[in-house]
Every structure is written in structure tokens, then in C-alpha cells.
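Chemist: using only what follows, build the 3D model:
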Amino acid sequence: MAKRLLPESFLFGATSSAVQIEGGAEEGGRTPSIWDKFCSKPSVIADASNAEDAADHYNRYAEDLLLMKRIRLQSYNFSVSWSRVLPSGIGTTSDRGMDFYDRLIDGILEQGIDPWITLNHWDLPLVMEDRGGWVKRDNIWHFADYAQKLAARLGDRVKNWITHNDPRSQAYRGYATGELAPGEQKPRDGWIASHHLLLSHSLAAEALRSEGPMKVGLNLKISPAVPASDSDADHRAAREWDGREQRWYLDALFKGEYPEDIIPLAKAESGTLGLDWIQRGDMKIIRDSLDFLGVNYYARTIVHTTEKLVRKRATETIDRKYITDSGLEVAPEYLTEALLNLQQYAPKEIFISENGAAYGDAPNEFGRISDHRRSAYISRHLEAIREAIDKGVNVKGYFVRSLLDGFEWTEGYGKRYGLIWVDFETQERIFKDSAHWYSQVIDTRDHEFDPSFDYRE
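Modeler: Model prediction:
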């Protein structure tokens, strides 16, 4: 029987972000970001670390470019540090900061790889946060200006741009719950930040396209909401979770409106002033501003009610044998479901912008890293994508998270997602077995993984 291969036009890539791998926190004129301040707070990072050095990609990018070529990547998505290119947040760009991204992009192209840029991956210059951050409406214009300046300098070589990666996490976990930078715990501010991030996406998209024929998208974390039991209360809780976490963004981007069933929640958490942060014409600006939708997928979300009197025994549970080191369920079948559900919004194109797993496999006595679980994870999710394509979903490519091990946000350096092992003491890079296997997938379009086969070159 013939193997079921991914289409010849299907794009294979890897992803990273500035905070997670760049390091060079005080080099090249870079000023502090919100993560520099956040990491200094006690008990917020699991291993009490910070991103000052990370994987030192700022100084070792030339070595990393050769590793990208060795994997045979077709595309590489990285984020820009706003603090590096605009040390004051606004005004004149830094030549040293821009020069770094110039060199990086030229090097990516020299390796035959297509560079993709993300403008904002949960990052913001600290000076901008001190002025109000994403809660202040002025920031949407500053973000558009930042986008235009980057496109003017880099747009002759970069044609695919992502404005925000997972704005829900930056807004809700950054401003409402305090789990991420900047660490605020103000529910009203979470809703305001979400609105301003969406507005800034559209304004930035317009600014990018003013510099040439750019394709502009935005990445959303998509996770099917599954009620924990068959109770009506759990079903209501799952519907609310889906509305707050996902439909709030999807409906705004594709329909030009926020979901009607979530508006009362937004009003209740916005206090006596209500939704005064939505101005006339805002939703029209946000609507239909995407050339493609990026989907970050890791697992489904099992939702249960917080109403004690109506709880029922959970019927949906996670098999603990199939979880990653981050405690996430391995559930590729829900990726197919998620992609099919997105068809109601009719996105022009979909890219899997993040998918990967944390596994801590380390070098053995011979220096080999046999991370077969990661290869199997990616293989199963590529199969889920192929099934969605067969059912008519226009999925155009896949970016594995991630190229390198790095600083994993509040987990510090304790979780490893990379195809490439990084020794954070010496900054040595070592290919994991998954990197060898992934290079074969790119060459052959065959995503099957056989743990008994040695894919090393």
C-alpha cells in the first residue's frame, strides 16, 4: 500500500522567539524588556533563572544557521526584540539592532531558507510598559510604527510576517492573572489589552503592506474545549472557556464582532466603566485583516465547572502514560478536530505555527540524544494535519517548536522543546535524533516514524 505523504507544496519549518534564545540582553544597545523585570521577581520562574543569556543566539547565530541548513529547513520563523531595534520603544531605530537582523536574514537566505518574522512574541520594551503597555491605546500606534520601520528595512527580503504570537496569553496571563510578564493582576486590563492587541495587529498589517507585497498573519493558541463530564454545568463552563480564550479572537478577526455570550463576562470584569475601551469603528478595523491564520496547538483542554453543588464525576480523563514533560496530554486527534472546526471562519490559509513537546532526553555516554518520543509526537501530529488536509482544510505548512532548547518562560530552563540540544553552561549544540528524523521528513514528505530505524546521517 502506498504511503500517505504530505503535499509537495507543504512547507516545513521551525520556530523560535527572541526572549527564548537570543540572550545578549545588554549587548548591541538593547534596553530591558518586560521579561527582564519579570524574571527579577521572586518565585515567578521555576528555576529562578532569567533570559539574559538564553541560548546566546545573538552571538552564535552563524553556527545556528548551519544547523538550520543541516536539518534542511524550508522556513524559519523568529521574533524580533522590539527593545533591540527601538531601545526607546519609539523614535529612531538602533543601527546595531537592525544590523543584527540584517545579518541574520541574509544568513538565513544564504542557506536557502525562507525567513518569517514575528513582531511580538509576548515581548515589549520595559519603557513602553512603564507608559501603560498594552492597556494604553497609544501603544497600538507605536506598534504599527515599529512594524513599518522593520518592513522598510527588512521587507525587501522578508515576505511573511506575523504580528502577534498568542495574544490571548499576553493579554490574559500577562495583565489579568499575572502568570506572565508584565505580571499584572487586573481583570479589566486583561480585556483592554486583548482589544488593543487585536487593533494593533490590523494597523501593523496595513503598515507592513504599505512597504510592499507582504503576507500578514497572526498566531492563535487553539485547544478544543472538552467538558469534563456530561453535566450541563461542565458544558456551560467549556462553552465559556472556549468563548473567552478562543472565539473572542476568532470572531473579532473573521466576523468583526466579539461573541455575544462572552460580552456579559467582559462587562462584569471591566467594572463600572464597562466596555468603554471599544471605540466606534474598532471592530471594522480588526475584521478581515489576515492573509493567513497561524495555529499553535498542543493539546485539548478539559473544562469543569467551579460550581461545587453541580459537579459530577469526570468522564473525560488524561492517560498519564501519554503526557509530555510539561504535563500536556499527547492528543493529536484533537488537532484534526480543531482544524475542521476552524473551517466555519473560512481562513484563507492555515499554518501550524507552533507544535512540539517538552522531553528531557539528554546526551548518552556517546553523545547521542535518542528523543524518540519527540519524533513520534511530531509524526502523529503531522498525520493529524494530513487527515485534515484530506478533508478539505487548507493547511499550508508546519513549524515545529522549536529549533533550539531555550528559556521556556516561567519554566526557566527545565523544559526542553528543541530539535537541537543546548548545554546552557557551555552553549554547545548537539543534534537530537528528532532533528535527523525531521530532515528526512522534509526530504521525503514521509512523516512515518520507525523507532527501530537510525535516521542519523
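
Chemist: if you average pLDDT over stretch 222-229, what comes out?
Modeler: Averaging pLDDT along stretch 222-229 gives 95.

Chemist: would you mind extracting the C-alpha trace of it into CSV?
Modeler: C-alpha atoms of stretch 222-229 as CSV (Å, rounded to 0.1, in the frame of the first residue of the first chain):
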residue,chain,number,x,y,z
ILE,A,222,-6.2,26.7,19.6
SER,A,223,-7.3,24.0,22.0
PRO,A,224,-10.6,22.2,21.7
ALA,A,225,-12.6,22.7,24.9
VAL,A,226,-14.0,19.4,26.2
PRO,A,227,-16.4,19.2,29.1
ALA,A,228,-15.1,17.1,32.0
SER,A,229,-18.4,15.3,32.4
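
Chemist: any idea how far it is from the chain center?
Modeler: Chain-centre distance of stretch 222-229: 20 Å, with C-alpha atoms, centre = their mean, to the nearest Å.

Chemist: next: stretch 4-13.
Modeler: Centroid separation for stretch 4-13 versus its chain: 21 Å, with C-alpha atoms, centre = their mean.

Chemist: so which bits of that stretch are buried?
Modeler: 6, 10-13 (16 or more other C-beta atoms under 10 Å). Backbone N, C-alpha and C define where each C-beta goes, glycine included.

Chemist: cool, stretch 97-117 as well?
Modeler: In terms of neighbour count (16+ other C-beta under 10 Å), stretch 97-117 has its buried residues at 97-98, 100-101, 104-105, 107-108, 113-117.

Chemist: hey, where'd the strands end up in the stretch 251-400 of the chain?
Modeler: Under the criterion DSSP state E, counting those that start in this stretch, the stretch 251-400 of the chain carries strands at the ranges 292-296, 301-303, 350-355, 395-401.

Chemist: most tightly surrounded among those?
Modeler: strand 350-355 (a mean of 25; mean count of other C-beta atoms under 10 Å).

Chemist: what mean pLDDT does that strand have?
Modeler: pLDDT averaged over strand 350-355 gives 98.

Chemist: compare the strands of the stretch 251-400 of the chain and give me the one nearest residue 176.
Modeler: Of all these, strand 301-303 sits nearest to residue 176, with 17.3 Å by C-beta to C-beta.

Chemist: packing partners of that closest one?
Modeler: Helices and strands touching strand 301-303, by 3 or more C-beta pairs under 8 Å, 6 or more residues apart in numbering; DSSP states H and E, are strand 225-227, helix 232-242.

Chemist: run me through the strand neighbours of the first one, direction for each.
Modeler: According to DSSP bridges, strand 225-227 forms sheet pairs with strand 301-303 (parallel).

Chemist: got a list of what residue 41 touches?
Modeler: By C-beta atoms under 8 Å, 6 or more residues apart in numbering, the residues touching residue 41 are residue 183.

Chemist: quick check, pLDDT for it.
Modeler: 96.

Chemist: could you do residue 115 as well?
Modeler: With respect to pLDDT, residue 115 scores 98.

Chemist: ok, the closest residue to it other than its chain neighbours - contacts?
Modeler: Closest residue to residue 115 apart from its sequence neighbours, by C-beta to C-beta, 6 or more residues apart in numbering: residue 108 at 4.5 Å. Shown in contact with residue 108 (C-beta under 8 Å, 6+ apart): 65, 68, 76, 114-115.

Chemist: how much space separates the spatially most central residue of the chain from residue 68?
Modeler: By C-alpha atoms, centre = their mean, the chain has its centre lying nearest to residue 165, at 4.5 Å. In this view, residue 165 and residue 68 are 19 Å apart by C-beta to C-beta, to the nearest Å.

Chemist: ditto for residue 316
Modeler: For residue 316 relative to residue 68 (C-beta to C-beta), the value is 39 Å.

Chemist: sorry, back to before: before we move on, which element is the residue nearest to residue 115 in?
Modeler: Secondary structure from DSSP states H and E places residue 108 in helix 95-110.

Chemist: what do you get for residue 76?
Modeler: Assigned by DSSP H and E, residue 76 falls within strand 75-79.

Chemist: and that strand with strand 395-401, angle?
Modeler: Strand 75-79 and strand 395-401 are oriented at 60 degrees to each other (axes from the mean of the first three to the mean of the last three C-alpha atoms, to 10 degrees).

Chemist: quick check: angle from strand 75-79 to strand 292-296?
Modeler: Using the same axes, to 10 degrees: strand 75-79 against strand 292-296 is 80 degrees.

Chemist: distance between the following helix or strand past strand 75-79 and the chain's centre?
Modeler: Using DSSP H and E, the helix or strand that follows strand 75-79 in sequence is helix 82-85. Helix 82-85 has its C-alpha centroid displaced from the chain centroid by 19 Å (C-alpha atoms, centre = their mean).

Chemist: put the alpha carbons of stretch 31-45 into CSV.
Modeler: What follows is stretch 31-45, C-alpha atoms only, in CSV (Å, rounded to 0.1, in the frame of the first residue of the first chain):
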residue,chain,number,x,y,z
THR,A,31,17.3,48.0,26.6
PRO,A,32,15.4,46.0,29.1
SER,A,33,12.1,44.3,28.2
ILE,A,34,9.2,43.3,30.4
TRP,A,35,10.7,39.9,30.8
ASP,A,36,13.9,41.2,32.2
LYS,A,37,11.9,42.9,35.0
PHE,A,38,9.5,40.0,35.4
CYS,A,39,12.3,37.4,35.9
SER,A,40,13.7,39.5,38.7
LYS,A,41,10.6,38.9,40.8
PRO,A,42,11.0,36.2,43.4
SER,A,43,9.3,32.8,42.7
VAL,A,44,7.9,33.6,39.3
ILE,A,45,10.5,31.5,37.3
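
Chemist: alright, calling it a day.
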